[in-house]
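# Quick check, what structure comes out for this input:
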Amino acid sequence: MRIPIKNLFIVCCIFIISGGNVYAETIILKDGKIVNGEIINKTDDYIEVNVGLDFSITYYRDEIEKIESGRRDGFRLYENNQREIAAVTFPKDLFPHPNSRDDYFYYSGILDAVTGEKYGVLLFFYLRNGYCVTAVFTIYDLQHGYFDFKQVNAFQKVDSSKQGYTISINSWLADGPFEKHHLVAETDNFKINLFAESNGPKAIYGEQGHVFLGPKGDSLCYAIPRMPVNGTLTIISDEEDIKPEEVNVSGVFWHEHRWEHINSGKTGWNWIHLYLPGNYALTIFQIFDDQGQIAKDVKLGGYLIMPDGSVITLSPKDIVFKGDSQWVSPKSNNGYPMHWRIQIDEIDCLFEVIPVIKDCELVPNFYYWEGPIVTQGVFKGKEFKTYGFMEMLGKR
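Numbers count the residues shown, from 1 in each chain. Sure, this is the predicted structure:
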């Protein structure tokens, strides 16, 4: 039995990926906040709202301005099949979106240590209705061929003002958005304390930021594909008599900020991003339906990001994915291709993809593969060889 304490959030369980919940009402509060959810309990004094991920919020009647049928979010109002699209704008959309059901801050890249080693980093924070509920940090030791992974779940309100924001969960944090993002995260064996410069060109995806991904739903998204990074990496030994070793590191991160409705359901995807000669960047993907086939209603295959941040949208029919040399996971028995050949005639690009570490299967709530890759090929007549990141999740 839930007790209706004012603004009490009851966390039943937390998942990384959102499910396909139905959001039937929009609750508009007197302080201006908008809550999308399903009213699961009503009394004369309060209502109880399921906002997804089994979070329930109790609001007293004197807090509520009005209740609308349909779902309102940052770019649309679901009511009588009407849809309104608003463009991504800066600096407003550099900040977290407290009215959004799904709000992701994602960072990935390669760090070079002054001692000569290379490490891959994947870090993201998942926010819901202005609270950080999940964060994931994966670090890849490219010398020794293994990765270290940690996921933390909590329920911490995002601190945000005109001067900036702080997303924190336990001891982890992401500060931004102006000039630099301060990133802190740790596993049992590694800790990062990094500063990522955010003054570079920003790439707005899709139709003014609106991205339609068929069975995976809709979202708003932009990227800062090149963020120079520097800071420290601390290596923590399992042996108690060995002190932690702190080394200076530097590199380049790819940052994406994606928010609003993202419905995973039983769909799958393959996704790659990498850097190309001449300060170009590329992100491409395949979206699968619930039968494991390429989703026919997805008209989007990826983006070529120009040096100034402008974007060329790529159609899936112009991108040829060919994967082979499967590695079979001993944990899940899933097979993941370890060699890809990608051809994109529209932008005169042909390259191969090879994972740096074969076993990069992650298991936060389901099995999928994500990790650093080496790409080698030709873009507009220029040969290149560079690092990137790839995620593979086929039929679920």
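
# Could you find the closest non-adjacent residue to residue 191?
Excluding the flanking residues, the one nearest residue 191 by C-beta to C-beta, 6 or more residues apart in numbering is residue 234, at 4.1 Å. Using the backbone N, CA and C atoms, a C-beta is placed for each residue, glycine as well.

# Let's see the pLDDT reported for residue 281.
Looking at residue 281, its pLDDT reads 97.

# In which helix or strand does it reside?
Per DSSP states H and E, residue 281 falls inside strand 280-288.

# May I see the buried residues of that strand?
280-288 (16 or more other C-beta atoms under 10 Å).

# Give me the helices and strands touching that strand, please.
When contacts are defined as 3 or more C-beta pairs under 8 Å, 6 or more residues apart in numbering; DSSP states H and E, strand 280-288 packs onto strand 218-235, strand 268-276, strand 302-305.

# residues in contact with the shortest one?
It refers to strand 302-305. Here strand 302-305 makes contact (C-beta atoms under 8 Å, 6 or more residues apart in numbering) with 201, 203, 205, 223, 225, 280-285, 311-314, 319, 347.

# Doesn't residue 330 belong to a helix?
No - Residue 330 is assigned coil when assessed by DSSP: H, G, I helix; E, B strand; the rest coil, not a helix.

# I'd like to know how far it sits from residue 115.
Applying C-beta to C-beta, to the nearest Å, one obtains 32 Å for the distance of residue 330 from residue 115.

# neighbour-wise, which of the two wins?
For residue 330 versus residue 115, neighbours defined as other C-beta atoms under 10 Å are more numerous around residue 115 (11 against 8).

# what residues are up against that one?
Residue 115 makes contacts with residue 247, as judged by C-beta under 8 Å, 6+ apart.

# State the pLDDT value of the closest residue to residue 371 other than its chain neighbours.
Excluding the flanking residues, the one nearest residue 371 by C-beta to C-beta, 6+ apart is residue 360, at 3.1 Å. The model reports residue 360 with a pLDDT of 94.

# do residue 125 as well
Residue 125 is assigned 96 on the pLDDT scale.

# Which strand or helix spans it?
Secondary structure from DSSP H and E places residue 125 in strand 118-128.

# what angle sits between the helix or strand following that strand and strand 118-128?
Later in the chain than strand 118-128, the nearest helix or strand by DSSP H and E is strand 131-141. Strand 131-141 and strand 118-128 are oriented at 170 degrees to each other (axes from the mean of the first three to the mean of the last three C-alpha atoms, to 10 degrees).

# Now do strand 131-141 against strand 218-235, angle only.
50 degrees.

# residues of strand 131-141 that come out buried?
Going by neighbour count (16+ other C-beta under 10 Å), the buried part of strand 131-141 is 131-141.

# which of those lies closest to residue 269?
Of all the buried residues of strand 131-141, residue 269 sits closest to residue 136, with 16.9 Å by C-beta to C-beta.

# Which strand or helix spans the closest residue to that closest one other than its chain neighbours?
Of all residues not flanking residue 136 in the chain, residue 151 sits nearest, at 4.9 Å (C-beta to C-beta, 6+ apart). Using DSSP H and E, residue 151 sits in strand 146-157.

# So which elements touch that strand?
Counting contacts by 3+ C-beta pairs under 8 Å, 6+ apart, strand 146-157 is packed against strand 131-141, strand 164-169.

# tilt between the first one and strand 164-169?
Just to be clear, that refers to strand 131-141. Angle, strand 131-141 to strand 164-169, by the same axes, to 10 degrees: 70 degrees.
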